[in-house]
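The sequence isn't on hand, but the structure is:
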């Protein structure tokens with residue numbers, strides 16, 4: 001049973017541990033919980049993408065959604081970095 005009151009970082013660690021143990025459903029639950037606690041936490045979204053990739057065609061739509069969200073997070077970070085560099 002996954003503990004849903006854990007912090008976002010702990011959910012990511014729980015997801016990673018579950019993934020390493022071959023417990024894909026538990027990993028997905030933990031990574032989703034982490035992404036709800038910290039919506040721009042790239043590790044949570046990266047974890048979801050990795051788990052979905054390992055499940056083949058079972059989670060095609062979810063994989064696409066998580067990949068898109070991860071790309072958006074990276075783009076936002078890039079834009080912030082680019083804007084901060086232009087100030088100097």
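Looks like it came in fine. Keep in mind that what you see is a predicted model, and the values were worked out from it rather than measured.

Tell me where the model's unsure across this protein.
Counting by pLDDT under 70, the ranges of the chain that qualify are 1-5, 87-88.

what's the residue closest to the geometric middle of it?
With distances taken as CA atoms, centre = their mean, the residue of the chain nearest its centroid is residue 45 (1.6 Å).

Next up, the contacts around that one.
Contact partners of residue 45, counting by CB atoms under 8 Å, 6 or more residues apart in numbering, are 31, 35, 66, 69-70, 73. Just so you know, the C-beta spots here come from the backbone N, C-alpha and C atoms, and that holds for glycine as well.

Filter these down to the ones in helices?
Among the contacts of residue 45, DSSP state H puts 31, 35, 66, 69-70, 73 in helices.

For these, give me JSON lines that also has distance to residue 16 and neighbour count.
Below are the ones in helices among the contacts of residue 45 laid out as JSON lines (distance: CB to CB, whole Å; neighbours: other CB atoms under 10 Å):
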{"residue": "31", "distance to residue 16": "9", "neighbour count": "29"}
{"residue": "35", "distance to residue 16": "14", "neighbour count": "24"}
{"residue": "66", "distance to residue 16": "15", "neighbour count": "25"}
{"residue": "69", "distance to residue 16": "18", "neighbour count": "18"}
{"residue": "70", "distance to residue 16": "16", "neighbour count": "19"}
{"residue": "73", "distance to residue 16": "18", "neighbour count": "17"}
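
What number of residues are in the vicinity of residue 60?
11 (other CB atoms under 10 Å).

now for the helix or strand encompassing it, which elements pack on it?
Assigned by DSSP states H and E, residue 60 belongs to helix 60-86. In terms of contacts (3 or more CB pairs under 8 Å, 6 or more residues apart in numbering; DSSP states H and E), helix 60-86 is packed against helix 42-54.
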